[in-house]
Each structure stands twice: as C-alpha cells, then as structure tokens.
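# What would the 3D arrangement of this be:
(one chain, ligands or ions: 1)
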Amino acid sequence: MGGEIGKQDNKKDHPGKLTIYVLATSILAATGGLIFGYDIGISGGVTSMASFLNKFFPTVYKNEITDTSTNQYCKFNGQIVTLFTSSLYVAALFTSLIASTVTRKLGSKLSMLFGGILYFTGATINALAQNVAMLIIGRSLLGFGVGFANQSVPLYLSEMAPYQSRGALNIIFQLSITIGILVANVLNYFFAKIGNWGWRLSLGGATFPAIIIIIASIVLPDTPNSLIERGMPAKALSNLRKIRGIEQVDKEFNEIMAAGEASKKVQHPWKNVLHRKYRPHLTMAIAIPFFQQFTGINVIMFYAPILFKTLGFGDDASLISAGIIGGFNVLATLVSIYGVDKWGRKFLFIEGGIQMFVCHVLVGIFIGFKFGLSGIPSSPLQQWYAILVVIFICIYVSAFAWSWGPLAWLVPSEIFPLEIRSAGQSLNISVNMLCTFVIAQLFLTMLCHLKFGFFLFFASLVFVMTMFIYFFLPETKGIPLEEMNVVWKNHWFWRSFIDHHVLDDLQMVENGQQPDIVI
Ligand code: BGC
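Coordinates of the predicted model:
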C-alpha cells in the first residue's frame, strides 16, 4: 500500500519538471566535486615524479632507481609516501562531522564556501612546500575543504532536483569528480616534463577548482528544504515555485513543511540516528561508503602510475595509461546519468558489481601469471600483455563509474529523512574517508604481502557487496524525497524496523492535514 502512495500519485501531485534553472544551479553546485576529483587524480602522478620524490622522500627515490632486481610487488612499499596521499582523508573525515552542524544551521551554501576557502589555502601551501611538514599541513587543509564540500553538495543536489530526475542531477557531482581526476591526470603528464618544479604546478593547480566552488557557493540559491529547516517558509515557497517552474507546488511544499516540523523536534540528530526506526538508514550510511572503497577503486585512482611502473611500464607509458583510464571514468559516468532514473539504482549496482568481479579475477590471474609469488617477472613485459592489463582495468573502472562511484553519493543523499539528513550524510562521508584512508595507507603494504592475491581479495569483497545490494537495498528510483519511508516499509527485511505511524503520517500529508510525527 505504502509503495502505491509513492508510485501512483507522484506525477499528479508533484507536477514540476526539470527546469533550466534547476539544471544550471545543479551543474554549478556539482562543480564542488572538482576539488575532490582533482586531488584524487593529482597525488598518484606527483608521488611518481622523480623530482618530487627526490626532494621529499629521497630514500624511496633511491630505492626506485637502484633497486631494479628486487621483488616488484614490494618496490614502492613505503609508509611515508602513502601518508602524503592519505593525510587528506583523515582531515576530511573529521571535518565532515562538523560540516553536518554547519549545513543544518546555516545551509549547504555556507558549507560549500568554507570548503572552497580551506581548499584554496591548502593548495597554495602545497604549491610552495619546502618540507614534508608543509606538504602534510597543506593536504590537511585540502581535506578540510573536501569534507565540507562532500557533505553539502550531494544533499544540495538531491534537494533541488524534481524526483523524476534526482538520480541524473545528483550524479553530476560524480561526473565532476571524474572530470577533476582526468584534468589532474593530463596536467601531471605535462607538468612531469617541466624541470624540477613541475610538481608545484600540479599541486598549485588545485586553486582553480577551489575558486570555482567559492564563486558557486556565493551565487547559488538556497534549497527550499534548508530554508524551511532554518525557519523561512515564505522564502522557501517562492524558491520552490521558481525551481519547479510552476505555481502548483502545494503537495511538495506540504511534505517539506511536515519534514521540517519533524526536523525541528529533533534536538540531537546524532543521538536520533541510533533510534530503531533509523536502523536501515544507519546501516546504509555505513555499508555503502565502506563497500564503495572496498571495490578497490582507489588503488587504481591513486596509484595507477605506480602500479603500471610495478608492471614494468616506462614513466610516460604509466602516466598515459592513467590518463586513458581517467577518460573511461568520465565517459562511463555519463552512462549512469542516462540510465539511473530509467533502469534504477539496483540494476546499475548489480551489473557493475558483476563486471568488477570478473575484471578483478582476470587482472589477478594476469599478474599472478607474470610475476608469480616471487614478484620477479618471468620474462620482459611484452606490449600485448601490458595492453591487455590496461584494457581490463578500463573495463573495471567503467563498471565502477556507472555503479558504486555515483550511487554511493546518490543513494545515501536520498534515503535520509530531513531530521537526520545532515547527520546521516556526515556519517556517510566519514566512513568513506576513513576507508579511503585505510586503502591509501595500506595499499603498497598489501600488494607487497598479498601479491597478485591482492586483486582476488577485492574480488571477494565485490561479491559480498553485490549480494548485500541484492537482498538489502530497496529501489529508490522515482520516489519523492520526503516520501522515502515507504520503500523501507515495503522491504522484506527492513519493514519491521519502521514504525507504522510513518504511513499514517504520509496519509495525513496526502489529505492536507498536519501529521503527528513521533520522534
Ligand atoms: C569515490 C572516490 C573515487 C572516485 C573515482 C568517487 O565516487 O568516492 O574514492 O576515487 O569516485 O571516480
């Protein structure tokens, strides 16, 4: 019954379409993803530049040029280089928790502004770095920026979007992450050729996406949901009319008002998240980002150039291959923008999972075949062999780019009721950043110990996560944001966690009455 409320009446009750205004604001807000993406793409290339390694990590550099005969799996195993990459994620982890309060009390726009300013400062310090301390301080500031932006942008997009195109609009965030990664890959390729200071340009280039998000945060309008939550209903109504391009927005407005009322009764969203009726939301806020990172994607994103060097590629070939992979990442994200509101979230999750599983297994076999357990190649790397590995990595990255990449931002941003939305999103980002940190920090050591089994380890995790989605994630396509509770109510496992009064509340909203939402 609950599902019917969501499905049958949506078109009539939420007549607003995707307006040019929403599209333009969403594209602008989604540029917040550029700062995150630029960073992911830049660190791998920079840590493989000889001049950078020689200046900051001379021992690692010496190993790289003198130690050609040792085990290839363990060649780059140095915690200090990984600390450079992963320090950002520790900072982002803590900031996303603070950002929840800023977003709830002051709105997403201010969270984006803080994010942009902190990121700009970090990029400037990194570009001028003279020692490892400056590098780490700069990266921590970048992390503070990413924490603010990733907390606020996906929520902003989901709240602005009409329900029929919420998936596509939200995924513009992931699209800009992938564009950021690609631009960084390409710049690394060229800057690596500039004397001893090309890495300074790579790191300093991060100031450009920071300026874009700063400007965006100033000119963007507030979402109606955020205005209501902050006690400005009249402005919220006029914004909603403008956003949807029609006058009749009563149903949606009433729902947002009801959600706003419920939200006001919640003084401690963090404590509330632990309430039994939020158990499904809490589970997804932890499981989805955890699984996203344990697809193994960032092994490729951060360390593709190093991984390719491990396989015996030359310097240029390593950076070019990373660029090709970055290109696939962008194009495949477009597939999910096209399909997410047509085929649904679960289909993409499951298809992507199967494709990634197969690729992990094959790449593991290829590498195992070549390097065995000793890590010493059986013969010099042949070109066709290298090309085969790159092709399968591209197929793997494409699968990620139309499944776990965008959906791990989209699904959490649409499943939380307004009263716990900011807190839920913060939890999602923190778990994501924590797992990114763990992978970034442990990758080189894991490769050294697990050898080619490293890829089989990720294959088994991809298997588990695909099963998890199949059994436990309800489909959220085509359901208005503030009616999302019906999907849990209809789910075979989660239904017993959701209180019955939620449906009654929805029915009251339907009838234009004030619901009695019990928190
Ligand atoms: C993930 C990142 C990843 C990127 C790759 C994002 O959704 O959160 O960790 O590097 O996708 O495109």
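# ok, Asn54 - contacts?
Neighbouring residues of Asn54 by C-beta atoms under 8 Å, 6 or more residues apart in numbering: Tyr61. (C-beta placed from N, C-alpha, C; glycine too.)
# Give me the local confidence score for it.
pLDDT recorded at Asn54 is 88.
# give me the element it is part of.
Using DSSP states H and E, Asn54 maps to helix 50-56.
# Check which residues of that helix are buried.
By 16 or more other C-beta atoms under 10 Å, the buried positions in helix 50-56 come out as 51-53, 55-56.
# what's the answer for stretch 133-149, then?
Result for stretch 133-149 [16+ other C-beta under 10 Å]: buried residues 135-149.
# gap between the residue of the stretch 351-500 of the chain found nearest the ligand and Ser176?
Scanning the stretch 351-500 of the chain for the residue nearest the ligand gives Gly405, at 4.2 Å (criterion: C-beta to the nearest ligand atom). Distance, Gly405 to Ser176, by C-beta to C-beta, to the nearest Å: 12 Å.
# Using CSV, write out the CA atom coordinates for the helix or strand just after the helix holding Asn54.
Going down the chain from helix 50-56, the next helix or strand is helix 58-66, by DSSP H and E. Output of helix 58-66 as CSV, limited to C-alpha atoms (Å, rounded to 0.1, in the frame of the first residue of the first chain):
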residue,chain,number,x,y,z
PRO,A,58,64.9,10.7,-1.0
THR,A,59,65.2,7.1,0.4
VAL,A,60,62.2,6.0,-1.6
TYR,A,61,63.6,7.6,-4.7
LYS,A,62,67.0,5.9,-4.2
ASN,A,63,65.2,2.6,-3.9
GLU,A,64,63.3,3.2,-7.1
ILE,A,65,66.4,4.0,-9.2
THR,A,66,68.9,1.5,-7.8
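# Packing partners of helix 58-66?
Counting contacts by 3 or more C-beta pairs under 8 Å, 6 or more residues apart in numbering; DSSP states H and E, helix 58-66 is packed against helix 50-56.
# And the helix it packs on, how far out from the chain middle?
How far helix 50-56 lies from its chain's middle: 30 Å, per C-alpha atoms, centre = their mean, to the nearest Å.
# Then stretch 293-313?
Taking mean C-alpha positions (C-alpha atoms, centre = their mean), stretch 293-313 and its chain are 18 Å apart.
# tell me the phi and psi of Phe366?
The phi and psi torsions at Phe366 (degrees, to the nearest 10) take the values phi -60, psi -50.
# show me the contacts for Ala149.
32-33, 35-36, 111-112, 115-116, 119, 213 are the contacts of Ala149 under C-beta under 8 Å, 6+ apart.
# Which strand or helix spans it?
If you go by DSSP H and E, Ala149 is part of helix 132-160.
# Which neighbouring elements make contact with whichever helix or strand comes after that helix?
Downstream of helix 132-160, the next assigned helix or strand under DSSP H and E is helix 166-191. Here helix 166-191 touches helix 20-30, helix 32-46, helix 132-160, helix 198-204, helix 315-343, helix 404-415, going by 3+ C-beta pairs under 8 Å, 6+ apart.
# Now tabulate the ones you listed in CSV and tack on mean pLDDT.
Formatted as CSV, those follow (pLDDT from 0 to 100):
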stretch, mean pLDDT
helix 20-30, 91
helix 32-46, 90
helix 132-160, 91
helix 198-204, 96
helix 315-343, 90
helix 404-415, 94
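# Quick check: residues of the stretch 401-519 of the chain near the ligand?
Counting by C-beta under 6 Å from any ligand atom, the positions of the stretch 401-519 of the chain adjacent to the ligand are 405, 408, 432, 436.
# how far away is the second one from Gly245?
Distance, Ala408 to Gly245, by C-beta to C-beta: 30 Å.
# same check, this time on the first one
Applying C-beta to C-beta, the value for Gly405 to Gly245 is 30 Å.
# With the third one instead?
In this view, Asn432 and Gly245 are 34 Å apart by C-beta to C-beta.
# re the thing from before, most neighbours per residue, which of the helices and strands packed on helix 166-191?
Compared across those, helix 32-46 shows the largest average neighbour count, a mean of 28 (mean count of other C-beta atoms under 10 Å).
# Check which helices and strands that one is in contact with.
helix 79-106, helix 108-127, helix 132-160, helix 166-191, helix 198-204, helix 207-219, helix 297-310, helix 315-343.
# got the contact list for the residue lying closest to Phe347 once chain neighbours are set aside?
Among residues not flanking Phe347 along the chain, Gly339 sits closest, at 7.9 Å (C-beta to C-beta, 6 or more residues apart in numbering). Applying C-beta under 8 Å, 6+ apart to Gly339 gives the contacts 347-348, 402.
# Go through the helix or strand where Tyr470 lies and flag the buried ones.
Counting by DSSP H and E, the element that carries Tyr470 is helix 453-472. Using 16+ other C-beta under 10 Å as the test for burial, helix 453-472 gives 453-456, 458-459, 461-463, 465-466, 468-469.
# Turn the residues you listed into a markdown table, including pLDDT.
Output for the buried residues of helix 453-472, formatted as a markdown table (pLDDT from 0 to 100):
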| residue | pLDDT |
| --- | --- |
| Gly453 | 86 |
| Phe454 | 86 |
| Phe455 | 90 |
| Leu456 | 93 |
| Phe458 | 95 |
| Ala459 | 97 |
| Leu461 | 97 |
| Val462 | 98 |
| Phe463 | 98 |
| Met465 | 98 |
| Thr466 | 98 |
| Phe468 | 98 |
| Ile469 | 98 |
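# Let me see the mean pLDDT of the lengthiest helix in the chain.
Counting by DSSP state H, the longest helix found in the chain is helix 418-450. Helix 418-450 shows a mean pLDDT of 86 in the predicted model.
# Could you export stretch 453-465 as CSV, CA atoms only?
Output of stretch 453-465 as CSV, limited to C-alpha atoms (Å, rounded to 0.1, in the frame of the first residue of the first chain):
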residue,chain,number,x,y,z
GLY,A,453,46.1,-12.3,-4.4
PHE,A,454,45.5,-8.6,-3.7
PHE,A,455,43.1,-8.5,-6.7
LEU,A,456,41.4,-11.7,-5.6
PHE,A,457,40.9,-10.1,-2.1
PHE,A,458,38.9,-7.2,-3.7
ALA,A,459,37.0,-9.7,-6.0
SER,A,460,35.6,-11.5,-3.0
LEU,A,461,34.6,-8.2,-1.3
VAL,A,462,32.8,-7.1,-4.6
PHE,A,463,30.9,-10.4,-4.5
VAL,A,464,29.8,-9.8,-0.9
MET,A,465,28.7,-6.2,-1.6
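# residues from the stretch 201-350 of the chain in reach of the ligand?
So far as C-beta under 6 Å from any ligand atom goes, the stretch 201-350 of the chain lies against the ligand at 292, 297-298, 301, 329.
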